[in-house]
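Peer 1: Quick one: sequence plus predicted model below, questions after.
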Amino acid sequence: MQWEVVIGLEIHVQLSTNSKIFSGASTAFGASPNSQACAIDIGLPGVLPVVNKEVFKKAVAFGLGVGAEIALKSVFDRKNYFYPDLPKGYQITQLDYPIVIGGEVEITLSDATKKTIHITRAHLEEDAGKSLHEDFHGMTGIDLNRAGTPLLEIVSEPDMRSAEEAVAYARYIRQLVCYLDVSDGDMSQGSLRCDANVSIRPMGETTMGTRTETKNVNSFKFLERAINHEIERQIGVLESGGTVHQETMLYDPVRDETRPMRSKETATDYRYFPEPDLLPVEIDAAYVADIRNNLPELPKQRALRFITEMHLSETDAMILTSSRSVAEYFERVSEICDDPRLANNWVRVELMGQLNKEGLEIKQSPVVPQQLGDLLIRIKDDTISGKIAKTVFDAIWQGGGTADQIIEARGLKQVTDASSIEPVIDEIFANNPQQLQQLKAGKEKVLGFFVGQVMKATQGKANPKQVNDLIRQKIK
């Protein structure tokens, strides 16, 4: 039987605020366990939550970024359940009145196919704590530092039909929230986590199959593996005559498998009711308009500008707009050297290659945009060749100074004086008569041999184009 896969994602994004959603406790990552859980976060008697207004600003920015409707009135609710890392016995969230309603994003797949994924809603809520299993033999430790951390839960429609589509959608959401400064999107620190709802049905069927929810997947690689494994598992169950049960699943990356955690609850099991300690929050159209007017250029808009105005390829534009920091770095270098294509080549190949090699983000680059831009100017004005420029780049990376300082100190200035280059060419002609005759006979490939010999003799300081021209003039 042919099966159709149906996937929806719930993406939990940690908002990049300094304090928690209902308290003044810090959200900084890496503190010792339970050092950032205050009385409000753990629900001690007599405490009252107060909404952090910054979470609304970030939620609205996201909503505008996906073309959603912004609710001018939003209400908080209590979602009741017992779990060891939920100290209050309930989570404050939004059920019937979320801040963001609807919206959509366009994803691009590996074969360049584009697809629109619709968003159902995005709502504000607080995070729970974290259960620690690895360091306790026969016991579980509870770290409540994350309790009360502000989250925006982004719920998609079940529009995705493969793990590839799901990963492309999750990647775009991460890219977008980082561009908008809604979140830092650091999955290694739990700033973005995915719950994957997966079901299958016979091809052509319109009724949804029974879905499972694989919780808290914290990398794109694991998300793809978890979905593919769950697809295979469900197909195996159905084709063997079994029944898929509505369950909450866990993905185990060590065994590369999904397995049940518990039966999947429904909304009624959580006994939602309006949060009695928080009034409804109302914002006005002017507040939304102000946020809209201060939105940065979004990734797809920026990529389109790079293609139409800077004449870059779609592939290059997509790479350069993969993050806001990379795009801003590239634009600054391009502005300094006044050559977008040259800037593109050096940022994408030399800079990003070195960053990847050393495991650094672009904000940690030892080479700042001004330094790289100045280096590219020296390539353009023929002070140095592209080959020598790589040596200069390495020296800048190691803290050796500016391009001009390194060129001067190491005597790397390109030789462009024909009277200095011609004797070198004549000597190489004399030492290689056979190759010279081949060149004069029209064998163009031999030209590269002579250019290479001259560059070697001049320690790479001769201008390759000029060497090429001088050789051709001499054999006429």
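Peer 2: Sure, I can see it. Numbering: from 1, shown residues only.
Peer 1: Now do the contacts for the residue nearest the centre of the chain.
Peer 2: Nearest to the mean C-alpha position of the chain, by Cα atoms, centre = their mean, lies Gln175 at 4.6 Å. Neighbour list for Gln175: Gly185, Pro299, Ser322, Ser323 [criterion: Cβ atoms under 8 Å, 6 or more residues apart in numbering]. All C-beta atoms are positioned from the backbone trio N, CA, C, and that covers glycine.
Peer 1: And the second one, how close does it get to Val5?
Peer 2: Pro299 sits at a distance of 27 Å from Val5 (criterion: Cβ to Cβ, to the nearest Å).
Peer 1: With the first one instead?
Peer 2: Counting by Cβ to Cβ, the gap between Gly185 and Val5 amounts to 26 Å.
Peer 1: now do the third one
Peer 2: Relative to Val5, Ser322 is positioned 27 Å away (Cβ to Cβ).
Peer 1: Was I right to think Cys178 contacts Ser323?
Peer 2: Yes. If you go by Cβ atoms under 8 Å, Cys178 and Ser323 touch, sitting 6.1 Å apart.
Peer 1: Neighbour count for the two, which is higher?
Peer 2: Cys178 (22 against 19; other Cβ atoms under 10 Å).
Peer 1: Please name the nearest non-neighbouring residue to that one.
Peer 2: Spatial nearest neighbour of Cys178, excluding adjacent residues (Cβ to Cβ, 6 or more residues apart in numbering): Gly185 at 4.5 Å.
Peer 1: Find me the pLDDT at the one you found, would you?
Peer 2: pLDDT for Gly185: 93.
Peer 1: what's the burial count for it?
Peer 2: Count around Gly185 with other Cβ under 10 Å applied: 20.
Peer 1: can you check Val105 too?
Peer 2: Neighbour count of Val105, defined by other Cβ under 10 Å: 21.
Peer 1: so where does it fall, helix or strand?
Peer 2: strand 104-108 (DSSP states H and E).
Peer 1: returning to what we had before: any idea how far Asn216 is from the residue nearest to the centre of the chain?
Peer 2: Using Cβ to Cβ, Gln175 is found at 21 Å from Asn216.
Peer 1: got the contact list for His229?
Peer 2: By Cβ under 8 Å, 6+ apart, the residues touching His229 are Tyr251, Asp256, Glu257, Thr258.
Peer 1: for these, which one is nearest Ala31?
Peer 2: Nearest to Ala31 out of these is Tyr251 (Cβ to Cβ; 27.2 Å).
Peer 1: from what I can see that closest one touches Val217, true?
Peer 2: Yes. Contact criterion Cβ under 8 Å: Tyr251 and Val217 qualify, at 5.7 Å.
Peer 1: And the two? Which one has more around it.
Peer 2: Val217 (26 against 22).
Peer 1: Bridge partners for that one, pull those for me.
Peer 2: Cys194 (DSSP bridges).
Peer 1: Which residues belonging to the top helix by length along the chain are considered buried?
Peer 2: Ordering each helix of the chain by length in residues (DSSP state H) puts helix 220-239 first. Residues of helix 220-239 classed as buried by neighbour count (16 or more other Cβ atoms under 10 Å): 220, 222-231, 233-234, 238.
Peer 1: May I see those arranged in JSON lines, with distance to Gln437 and pLDDT as well?
Peer 2: JSON lines is the format used below for the buried residues of helix 220-239 (distance: Cβ to Cβ, whole Å; pLDDT from 0 to 100):
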{"residue": "Phe220", "distance to Gln437": "59", "pLDDT": "96"}
{"residue": "Phe222", "distance to Gln437": "63", "pLDDT": "95"}
{"residue": "Leu223", "distance to Gln437": "63", "pLDDT": "96"}
{"residue": "Glu224", "distance to Gln437": "59", "pLDDT": "96"}
{"residue": "Arg225", "distance to Gln437": "62", "pLDDT": "95"}
{"residue": "Ala226", "distance to Gln437": "66", "pLDDT": "95"}
{"residue": "Ile227", "distance to Gln437": "65", "pLDDT": "96"}
{"residue": "Asn228", "distance to Gln437": "62", "pLDDT": "95"}
{"residue": "His229", "distance to Gln437": "66", "pLDDT": "94"}
{"residue": "Glu230", "distance to Gln437": "69", "pLDDT": "95"}
{"residue": "Ile231", "distance to Gln437": "67", "pLDDT": "95"}
{"residue": "Arg233", "distance to Gln437": "71", "pLDDT": "94"}
{"residue": "Gln234", "distance to Gln437": "73", "pLDDT": "95"}
{"residue": "Leu238", "distance to Gln437": "76", "pLDDT": "95"}
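Peer 1: Show me which pair in those is furthest apart.
Peer 2: Among the buried residues of helix 220-239, Phe220 and Leu238 lie farthest apart (Cβ to Cβ), at 27.5 Å.
Peer 1: Just checking, which helix or strand of this protein averages the lowest pLDDT?
Peer 2: Least confident element among the helices and strands of the chain, by mean pLDDT, DSSP states H and E: strand 257-263 (a mean of 79).
Peer 1: which residues touch that one?
Peer 2: Contacts to strand 257-263, defined as Cβ under 8 Å, 6+ apart, come from residues 212, 214-215, 226, 229-230, 233, 245-252.
Peer 1: list the buried ones in the strand holding Val105?
Peer 2: For strand 104-108, burial by neighbour count (16+ other Cβ under 10 Å) applies to Val105, Ile107.
Peer 1: and it, average pLDDT?
Peer 2: Average pLDDT, strand 104-108: 95.
Peer 1: cool, and stretch 292-306?
Peer 2: 95.
Peer 1: Which parts of the stretch 51-200 of the chain are strands?
Peer 2: With DSSP state E, counting those that start in this stretch as the criterion, the stretch 51-200 of the chain has strands at 69-70, 73-74, 77-80, 90-93, 100-101, 104-108, 114-126, 130-132, 141-143, 150-156, 192-202.
Peer 1: how about those strands in a markdown table, adding distance to Asp284?
Peer 2: Shown next, in a markdown table, are those (distance: least, Cβ to Cβ, whole Å):
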| stretch | distance to Asp284 |
| --- | --- |
| strand 69-70 | 11 |
| strand 73-74 | 10 |
| strand 77-80 | 23 |
| strand 90-93 | 24 |
| strand 100-101 | 16 |
| strand 104-108 | 25 |
| strand 114-126 | 18 |
| strand 130-132 | 37 |
| strand 141-143 | 39 |
| strand 150-156 | 21 |
| strand 192-202 | 30 |
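Peer 1: ok, of the ones you listed, where does mean pLDDT dip lowest?
Peer 2: strand 130-132 (a mean of 87).
Peer 1: I'd like the distance from stretch 118-129 to the chain centre, please.
Peer 2: Using Cα atoms, centre = their mean, to the nearest Å, the mean C-alpha position of stretch 118-129 is found 20 Å from that of the whole chain.
Peer 1: typo on my end, stretch 300-310
Peer 2: Relative to the mean C-alpha coordinate of its chain, stretch 300-310 is positioned 18 Å out (Cα atoms, centre = their mean).
Peer 1: got a list of contacts for that stretch?
Peer 2: 106, 297, 312-314, 316-318, 320-321, 327, 334, 340-341, 344.
Peer 1: got the angle between the longest helix of the chain and strand 192-202?
Peer 2: 30 degrees (axes from the mean of the first three to the mean of the last three Cα atoms, to 10 degrees).
Peer 1: What's the first helix or strand after helix 220-239?
Peer 2: Proceeding N to C from helix 220-239, the next assigned helix or strand is strand 247-252, under DSSP H and E.
Peer 1: Can I get that following strand in PDB? Just the C-alpha atoms.
Peer 2: Output of strand 247-252 as PDB, limited to C-alpha atoms (Å, rounded to 0.1, in the frame of the first residue of the first chain):
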ATOM      1  CA  GLU A 247       1.100   8.600  22.300                       C
ATOM      2  CA  THR A 248       3.900  10.900  23.400                       C
ATOM      3  CA  MET A 249       7.200   9.600  22.000                       C
ATOM      4  CA  LEU A 250      10.800  10.100  22.900                       C
ATOM      5  CA  TYR A 251      13.600  10.100  20.400                       C
ATOM      6  CA  ASP A 252      16.700   8.300  21.500                       C
END
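Peer 1: I am finished for the moment; much appreciated.
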